[in-house]
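Student: With the sequence up front, the predicted model follows.
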Amino acid sequence: SFNGTELTMSLPNGSVIKLAGADSDSAEMQKLLGQANKLVVIDECASFKSHIRKLVYEILAPTLIDHRGTMVMIGTPGDVAAGLFFDITTGKEPGWEVFEWDTSDNPYMADQWAEEIASMKAVNPLVVETAGFKRHYLKQWVMDDSDLVYKFDPAKNLYKGHLPEGRWIYSLGVDLGWKDPTAFTLLAYSPDH
């Protein structure tokens, strides 16, 4: 039976599924404290901001202790390759098992998925190069540089050589672009030269 007010679904075996939101503010997260859960599922984890780490480890993990429960984090790679979900799915966060698949792995959806991709390629063959396609269709963590205020490319914007020996004073010069790109220049001078 469904209870739309409490956002619960009660099953014949006595189990109860409860829906809750925890992405808007800390007050919503606090409502989840003190429960005893067998299973917690967090959907669209890449959409959560930095507070997901607190939600997972400080709020929800303790609710699983009574029943030795399980936590599941699911979602599609996001447009920011950082955060707890990124760390878990890329193996940087210890203590988690990672399982991954896409719609082509579903025998009931594989044909529709292939048709959808073929249709997209027919309209725009370069769609496969876009960050959105790679995230949503290939389950890859990819940044879209066009979303960045400053288009940072490590190959172009980092200096890996050696700086001059001796006593140097460094200053960062910034020319804020208006109808042209913004320029950052590292300046150095030495009182000894």
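Tutor: Good, I have the coordinates.
Student: where do the helices sit along this structure?
Tutor: Remark: helices assigned in the chain by DSSP state H are 26-30, 52-54, 84-89, 110-123, 131-138, 154-157.
Student: Packed most tightly, which of these would that be?
Tutor: Of all those, helix 84-89 carries the top mean neighbour count, a mean of 20, counting by mean count of other C-beta atoms under 10 Å. Every residue, glycine included, has its C-beta placed from N, CA and C.
Student: and that one, average pLDDT?
Tutor: Helix 84-89 comes out with an average pLDDT of 96.
Student: on that earlier part again, could I get the helices of the chain as CSV with distance to Met73?
Tutor: What follows is the helices of the chain, written out as CSV (distance: least, C-beta to C-beta, whole Å):
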stretch, distance to Met73
helix 26-30, 15
helix 52-54, 8
helix 84-89, 6
helix 110-123, 23
helix 131-138, 16
helix 154-157, 28
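Student: between those helices, which gets nearest to Gly75?
Tutor: Among these, helix 84-89 comes nearest to Gly75, with 6.2 Å by C-beta to C-beta.
Student: For that closest one, list the C-alpha coordinates in PDB.
Tutor: Extracted in PDB, the C-alpha atoms of helix 84-89 (Å, rounded to 0.1, in the frame of the first residue of the first chain):
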ATOM      1  CA  LEU A  84      32.700  11.200  -3.200                       C
ATOM      2  CA  PHE A  85      30.800   9.400  -6.000                       C
ATOM      3  CA  PHE A  86      33.700  10.100  -8.400                       C
ATOM      4  CA  ASP A  87      36.200   8.800  -5.900                       C
ATOM      5  CA  ILE A  88      34.200   5.700  -5.300                       C
ATOM      6  CA  THR A  89      33.600   4.800  -8.900                       C
END
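Student: tell me, which of the helices of the chain is the model least confident about?
Tutor: Among those, helix 154-157 carries the lowest mean pLDDT (a mean of 78).
Student: Need the residues that contact it.
Tutor: Outside helix 154-157, not one residue touches it by C-beta atoms under 8 Å, 6 or more residues apart in numbering.
Student: Excluding chain neighbours, give the residue nearest to the residue nearest the centre of the chain in space.
Tutor: Centroid check for the chain by C-alpha atoms, centre = their mean gives Ala46 as the closest residue, at 3.2 Å. Spatial nearest neighbour of Ala46, excluding adjacent residues (C-beta to C-beta, 6 or more residues apart in numbering): Gly78 at 3.0 Å.
Student: what about that neighbour, distance to Gly132?
Tutor: With distances taken as C-beta to C-beta, to the nearest Å, Gly78 is found 11 Å from Gly132.
Student: do Met120 as well
Tutor: Relative to Gly132, and taking C-beta to C-beta, Met120 is found at 11 Å.
Student: Am I right that Trp168 is in contact with His193?
Tutor: No - using C-beta atoms under 8 Å, Trp168 is not in contact with His193; the gap is 9.0 Å.
Student: Phi and psi next, for Asn106.
Tutor: Per-residue torsions, Asn106: phi -90, psi 110 (degrees, to the nearest 10).
Student: Look up the closest residue to it, ignoring the ones flanking it.
Tutor: The shortest distance from Asn106 to any non-neighbouring residue, by C-beta to C-beta, 6+ apart, is to Trp113 (7.7 Å).
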